[in-house]
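# How does the following fold in three dimensions:
(chains A and B)
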Protein chains: 2
Amino acid sequence: MSVAQPLRVTPIGAREIDAAREYFLGLHTRLSDAWKSLDESSQQRRDEWQRPVGDVLSGSGRLSLIENGTTFDRAGVAFSDVSGARLPAAASERHTELAGQPFRAMGTSCVVHPVNPYAPTSHANVRLFTAREGEVWWFGGGFDLTPVYAFDEDARTWHEAARAACAPAGPRAYSVLKDACDKYFYLPHRGETRGIGGLFADDLNDTTAEIGGSFEHCFALIRRIGDSYLETYVSLVKHRMATAFGTREQDFQRLRRGRYVEFNLAFDRGTRFGLQSQARTESLLMSMPPRAEWRYDYHPAPGTPEAALADYLKPRDWLAS
Amino acid sequence: MSVAQPLRVTPIGAREIDAAREYFLGLHTRLSDAWKSLDESSQQRRDEWQRPVGDVLSGSGRLSLIENGTTFDRAGVAFSDVSGARLPAAASERHTELAGQPFRAMGTSCVVHPVNPYAPTSHANVRLFTAREGEVWWFGGGFDLTPVYAFDEDARTWHEAARAACAPAGPRAYSVLKDACDKYFYLPHRGETRGIGGLFADDLNDTTAEIGGSFEHCFALIRRIGDSYLETYVSLVKHRMATAFGTREQDFQRLRRGRYVEFNLAFDRGTRFGLQSQARTESLLMSMPPRAEWRYDYHPAPGTPEAALADYLKPRDWLAS
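Now for the predicted structure:
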């Protein structure tokens, strides 16, 4: 994914860009509706926002959020479509030659923190960047799962879905995107991954080695990522949301959420870029868990279910039989 | 403070370096004892650590910590004395010519999060860097106060102490270090300072404009900063620790602690440098509040004591009569 090569991307036009926007908007609605249907008694807040058209960044977005719900401590979905006069360097590791040029970025992202510590936290994001009015374009996207208590069965379900979503994009697509996910969601100071990973694609276009292809090819992969996330994560939450738990599990959940905060604020490129630019802070920090905890030199007692999590926080072939 | 100028620092020897170490160690003990005396019924953990001598970073340190105490949710003091083969670029904004050279860094730092939301959080740090065996040296240090509920009286006490600590260093010292503190402890995405500030000195030596001087001059300022912090903060905690509070104040405290986490993980240079280097994670993240909270688009109702805090989160002349 990070192989630098000269850009000879096939230009796209308004038709392709509109189709992507349509998909992202539709996914936003489908995700919002899905969380609502899993947490019917709670209120879902829906916000629309628009930024004044200026020379730096303009655009619009919408956001749905359940907070302090029955099923979800927080379940947020954000769609945004912004244009800017100068592409920030942080937006692409690969297309450095485009830094400072006019761009458009749109996509849908989603972070879900369930109430039940046995139901995993998840994150997904699908996006399209274009520069020079579509002359250059690249998709990005992926999903990753962060269990508090990990289950082999869930990890397998998650990665089977990931592999299936990638399969039509070529035989190497799953392993390339799975490895990129393990590498990205990593906390070096803790020596652990954020969770059990999933897929992560950063600069996906028709020049991308092994998994790239036409706009339609890449867009289809991105759609499969979005669709697969929705279906798979809903099934995992349904499977775990009724498991009995007590204060012990909640306590461990808050500590693990501390690690989630550490990753988002200190390492996540999107969050860091957003904090330093003009991003809408409230949308950006929607990804934060509602509550987090830190305890000095905390180590779960050996042999406990809490200690078992450590084994899941290193890259592994989850589909090995 | 940030004026770049050629370095013609007067070299120091082992005697000066030992004297600084002595002071930092003594301050560590005095601060640890002070927190313990304010929270006698709680357990204070004392750790000593040593890092294997390697070519990158070696040294030792000690740490005292009260966690989940009666007076303090967390009160930590850390002393460390580390030497390295190559000074990290992040260690000095000014002495960029020293990056990659052998160095030694020692100091004491302290973060206190009281249980009582009416008692402010505080942070202090005093440190000495030397490079090329004392041929080049600079002190750093300061203290800052982060109230959850702010009081003019406390802000005045705090800044009077800051001014008094600076006075012998020259007529401009207080305003230079006070402004540097306001500038450093700032959350751009929130448009607010972390708290009501205090003092912040980054690269203090005998070439530092307006407030520099001999090693003894600078060391004396650093000692006054350390001593003054101890005395002043203890008096503020004593003054506020018995104020009655309820869940409303605790709730606001957790939300404000979320901002503290945002600053530490996303902006604080020391924390960021530590996370990306080989620092001891547990010592580094001792600064985190034990619990923090995030709520989407949270704004305290106008006219409430919670809303009043916003007025305190912008630079102000606290000593104007």
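# Quickly find the element holding the nearest residue to A:Arg280 once chain neighbours are set aside.
Among residues not flanking A:Arg280 along the chain, A:Trp49 sits closest, at 6.4 Å (CB to CB, 6 or more residues apart in numbering or on different chains). All C-beta atoms are positioned from the backbone trio N, CA, C, and that covers glycine. Per DSSP states H and E, A:Trp49 falls inside strand A:44-51.
# Ok, A:Phe143 next?
Under the criterion of DSSP H and E, A:Phe143 resides in strand A:136-146.
# now for that strand, which elements pack on it?
Packing partners of strand A:136-146 (3 or more CB pairs under 8 Å, 6 or more residues apart in numbering or on different chains; DSSP states H and E): strand A:121-131, helix A:152-166, helix A:173-184, strand A:197-204, helix A:215-240.
# That one vs strand A:197-204, what angle?
170 degrees (axes from the mean of the first three to the mean of the last three CA atoms, to 10 degrees).
# thinking again about what came up before, okay, now the sheet partners of the helix or strand following the strand holding A:Trp49, with direction.
Next along the chain after strand A:44-51, taking DSSP H and E as the criterion, comes strand A:57-67. Strand A:57-67 has these partner strands in its sheet, going by DSSP bridges: strand A:44-51 (antiparallel), strand A:72-84 (antiparallel).
# What is the end-to-end distance of stretch A:133-152?
45 Å (CA to CA, to the nearest Å).
# buried ones in that stretch?
Neighbour-count burial for stretch A:133-152 flags A:134, A:136-151 (criterion: 16 or more other CB atoms under 10 Å in any protein chain shown).
# ok, back up a step: may I see the strands paired with strand A:57-67 organised as JSON lines, with mean neighbour count, distance to A:Tyr296 and mean pLDDT added?
What follows is those, written out as JSON lines (neighbours: other CB atoms under 10 Å in any protein chain shown; distance: least, CB to CB, whole Å; pLDDT from 0 to 100):
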{"stretch": "strand A:44-51", "mean neighbour count": "13", "distance to A:Tyr296": "36", "mean pLDDT": "90"}
{"stretch": "strand A:72-84", "mean neighbour count": "23", "distance to A:Tyr296": "25", "mean pLDDT": "94"}
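# pLDDT score for the closest residue to A:His299 other than its chain neighbours?
Nearest non-adjacent residue to A:His299, counting by CB to CB, 6+ apart: A:Ala307, 7.8 Å away. Looking at A:Ala307, its pLDDT reads 98.
# who's in contact with A:Ala307?
A:His299, A:Pro300, A:Ala301 (CB atoms under 8 Å, 6 or more residues apart in numbering or on different chains).
# got the residues you listed as a markdown table, with neighbour count columns?
Below are those laid out as a markdown table (neighbours: other CB atoms under 10 Å in any protein chain shown):
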| residue | neighbour count |
| --- | --- |
| A:His299 | 9 |
| A:Pro300 | 14 |
| A:Ala301 | 7 |
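# for those, which one is nearest A:Asp311?
Distance ranking of those against A:Asp311, using CB to CB, places A:Pro300 first at 11.9 Å.
# any idea how far the nearest residue to the closest one once chain neighbours are set aside is from chain B?
Nearest non-adjacent residue to A:Pro300, counting by CB to CB, 6+ apart: A:Glu306, 3.5 Å away. Separation of A:Glu306 from chain B (CB to the nearest CB, to the nearest Å): 18 Å.
# A:Glu306 - that's part of a strand, no?
No - under DSSP: H, G, I helix; E, B strand; the rest coil, A:Glu306 falls outside any strand and is assigned helix.
# okay, now it: neighbour count?
Using other CB atoms under 10 Å in any protein chain shown, A:Glu306 has 20 other residues around it.
# can I assume it is in contact with A:Phe252?
Yes - with contact defined as CB atoms under 8 Å, A:Glu306 reaches A:Phe252; the gap is 5.0 Å.
# Any regions of the stretch 51-200 of chain A where pLDDT drops low?
Scanning the stretch 51-200 of chain A for pLDDT under 70 picks out the ranges A:52-56, A:90-95.
# Name all residues that make contact with the residue nearest to A:Pro300.
Counted by CB under 8 Å, 6+ apart, A:Glu306 has contacts A:Tyr149, A:Phe252, A:Pro300.
# Reformat these as a markdown table; add secondary structure.
Converted to a markdown table, these look like this (three-state DSSP):
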| residue | secondary structure |
| --- | --- |
| A:Tyr149 | coil |
| A:Phe252 | helix |
| A:Pro300 | coil |
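# Go through those residues and say which is closest to chain B.
Nearest to chain B among the contacts of A:Glu306: A:Phe252, at 14.1 Å, using CB to the nearest CB.
# Verify the stated contact: the closest one with A:Val148.
Yes - the criterion here is CB under 8 Å, and A:Phe252 meets it with A:Val148 at 6.2 Å.
# Common neighbours of the two, please.
A:Pro117.
# Would you mind pulling the contact partners of the helix or strand that A:Ser32 is a member of?
Counting by DSSP H and E, the element that carries A:Ser32 is helix A:14-38. With contacts defined as CB under 8 Å, 6+ apart, helix A:14-38 is touched by A:44, A:46, A:62, A:64, A:66, A:71-72, A:75, A:77-79, A:81, A:104, A:106-108, A:110, A:112, A:126-128, A:130, A:134, A:137, A:139, A:215, A:219, A:222-223, A:226-227, A:230, A:234, A:237-238, A:241.
# Would you mark the buried spots in stretch A:307-320?
Buried, per 16+ other CB under 10 Å, within stretch A:307-320: A:Leu309, A:Tyr312, A:Leu313, A:Trp318.
# Can you lay out those residues as TSV showing secondary structure?
As requested, those are exported to TSV (three-state DSSP):
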residue	secondary structure
A:Leu309	helix
A:Tyr312	helix
A:Leu313	coil
A:Trp318	coil
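# between those, which is nearest chain B?
A:Leu313 (14.6 Å).
# The closest residue to A:Val136 other than its chain neighbours in helix, strand or coil?
Spatial nearest neighbour of A:Val136, chain neighbours left out: A:Val9 (5.2 Å); criterion: CB to CB, 6+ apart. Of the three states, A:Val9 takes coil under three-state DSSP.
# how close does A:Val9 sit to A:Ile17?
Separation of A:Val9 from A:Ile17 (CB to CB, to the nearest Å) stands at 14 Å.
# what's the answer for A:Val82, then?
With distances taken as CB to CB, A:Val82 is found 13 Å from A:Ile17.
# Burial check on the residue in the stretch 201-321 of chain A that chain B sits nearest to, number of neighbours?
Relative to chain B, the nearest point of the stretch 201-321 of chain A is A:Leu265 (3.7 Å; CB to the nearest CB). Other residues near A:Leu265 number 23, with proximity taken as other CB under 10 Å.
# neighbouring contacts of the host helix or strand of it?
Assigned by DSSP H and E, A:Leu265 belongs to helix A:247-266. Here helix A:247-266 makes contact (CB under 8 Å, 6+ apart) with A:113, A:117-118, A:121, A:146, A:148-149, A:185, A:187, A:189-190, A:192, A:194, A:271-272, A:275, A:287-289, A:291-295, A:298, A:300, A:306, A:309, B:261-262, B:265-266, B:271-272, B:275, B:285, B:288, B:291-292.
# I would like a PyMOL command selecting only the buried ones among those, please.
With 16+ other CB under 10 Å as the criterion, this PyMOL line picks the buried residues out of those:
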select buried, (chain A and resi 113+117+118+121+146+148+149+185+187+189+192+194+271+272+275+287+288+289+291+292+293+294+295+306+309) or (chain B and resi 261+262+265+266+271+272+275+285+288+291+292)
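# returning to what we had before: the buried residues of stretch A:307-320 into JSON lines, with extra columns for distance to A:His159?
Below are the buried residues of stretch A:307-320 laid out as JSON lines (distance: CB to CB, whole Å):
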{"residue": "A:Leu309", "distance to A:His159": "17"}
{"residue": "A:Tyr312", "distance to A:His159": "12"}
{"residue": "A:Leu313", "distance to A:His159": "15"}
{"residue": "A:Trp318", "distance to A:His159": "4"}
